[in-house]
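1. Just to be clear, the model below is a prediction. Sequence and coordinates:
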Amino acid sequence: MPNSDNTYGTFNKRTVIFKQLFPTGDGSTTKQEFSDVSAAQSALLTTAQLAVYNECCTTLQWALVADETDPPKKTALKATFDFGTKGASNQVEADDWMKQFESRLTALTDVPAFPITMEIITASDSAEHLF
């Protein structure tokens, strides 16, 4: 559950779209299809990464995104989020929510993940926000 530090408003709204692709061996890829948001979160993010989103974001909304196939398949996970501020007059920027989010996610992605698999997980920014 996101934090509730919105007394001074929220800032730095961002939207990210996550996709999971699997190489087929012939140079193409197949996409993972998801039945619901929880299934997509489990496939695309670790428990530690989800904890960072839930603890550092002030507003957070998730949704499945359909691809361009006919019929469309839900193959991507979209997250829109923003950050409040802890608001203390002596607040150090590195301790505020956005910087905590950035540093904690960076620390998690700088650690090699094992076992190594052939799947490719991408995260791309989007201007189409959920809220």
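-> Perfect, I can see it now.
2. CA atoms for contacts and neighbours, from now on please.
-> Will do.
3. Could I get the contacting residues of residue 99?
-> residue 93 (CA atoms under 8 Å, 6 or more residues apart in numbering).
4. That one: what secondary structure?
-> helix (DSSP: H, G, I helix; E, B strand; the rest coil).
5. Same check on residue 88?
-> Under three-state DSSP, residue 88 comes out as coil.
6. Could you report the separation of it from residue 5?
-> Residue 88 is 11 Å from residue 5, where distance means CA to CA, to the nearest Å.
7. okay, the two: which has more neighbours?
-> Using other CA atoms under 10 Å as the criterion, residue 88 and residue 5 rank with residue 5 on top: 18 against 8.
8. which residues touch the spatially closest residue to that one that is not a sequence neighbour?
-> Nearest residue to residue 5 in three dimensions, chain neighbours excluded: residue 84, at 5.1 Å (CA to CA, 6 or more residues apart in numbering). Counting by CA under 8 Å, 6+ apart, residue 84 makes contact with 4, 5, 6, 7, 8, 9, 10, 11, 57, 58, 97, 98.
9. packing partners for the longest strand anywhere in the chain?
-> Longest strand of the chain, by residue count under DSSP state E: strand 11-23. Applying 3 or more CA pairs under 8 Å, 6 or more residues apart in numbering; DSSP states H and E, we find strand 11-23 packed against strand 29-31, helix 37-44, strand 74-83, strand 120-125.
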